[in-house]
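S.K.: predicted structure and sequence below. I'll ask about it afterward.
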Amino acid sequence: MWGIIVALISGALMSIQGVFNTEVTKQTSLWVSTGWVQLSAFLVCVLAWLFTGRSSVGALWQVENKYTLLGGVIGAFITVTVIQSMSSLGPARAAMLIVVSQLAVAYIIELFGMFGVDKQPFEWRKLIGMAVAIIGIIIFKWQK
């Protein structure tokens with residue numbers, strides 16, 4: 001149950017953040033806005049680290065698959081692409097497409113066991129679920 005609650009909060013926060021970042025971008029620029037997002041996130045993480053236990057930062061260099069350290073780089077491009085998609089499509093349409101893309105890529109990662117994730121068997125019901133989500137986007141976007 002906790003995982004469901006956290007996932008719902010995450011989705012809500014991502015939508016709100018996308019709207020906020022898009023507004024800041026309108027008043028500044030794409031890279032200034034993105035830089036601010038990453039810098040402010042870094043500061044929050046440093047403060048949280050100071051107050052919650054101070055695990056060794058040096059442990060980062062012990063991570064086995066070094067490519068997994070690219071999460072922050074990917075995060076910067078997530079911020080940029082969310083801002084651009086919300087600016088051109090609006091928050092609801094952008095969020096729907098982002099979620100369907102996340103679902104499709106996550107399923108491919110599971111199917112092929114990529115990046116250290118346990119490989120999962122193909123299931124038609126999951127593919128049908130994604131198709132239903134895509135049909136939902138088409139219905140949502142449909143105009144007379």
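M.R.: Right, received. Where do you want to start?

S.K.: excluding its backbone neighbours, what's nearest Ala92?
M.R.: In space, and not counting its chain neighbours, Ala92 is closest to Phe140: 7.2 Å by Cβ to Cβ, 6 or more residues apart in numbering. Heads up, the C-betas are built off the backbone N, CA and C, glycines and all.

S.K.: for that neighbour, the count of nearby residues, please.
M.R.: By other Cβ atoms under 10 Å, 10 other residues sit near Phe140.

S.K.: same check, this time on Val99
M.R.: 15.

S.K.: for the residue nearest to Ala92, what are its contacts?
M.R.: The neighbours of Phe140, taking Cβ atoms under 8 Å, 6 or more residues apart in numbering as the test, are 92-93, 96.

S.K.: mind showing which ranges of the protein have poor pLDDT?
M.R.: 144 (pLDDT under 70).

S.K.: just the buried members of the contacts of Phe140?
M.R.: For the contacts of Phe140, a neighbour count by 16 or more other Cβ atoms under 10 Å gives the buried set as Met96.

S.K.: of the contacts of Phe140, which is the nearest to Ile4?
M.R.: Using Cβ to Cβ, Met96 comes nearest to Ile4 of the contacts of Phe140, at 19.6 Å.

S.K.: picking up where we left off before, quickly name whichever of the contacts of Phe140 is closest to Val132.
M.R.: Distance to Val132 across these (Cβ to Cβ) is lowest for Met96, with 12.4 Å.

S.K.: so who does the closest one touch?
M.R.: With contacts defined as Cβ under 8 Å, 6+ apart, Met96 is in contact with 133, 136-137, 140.
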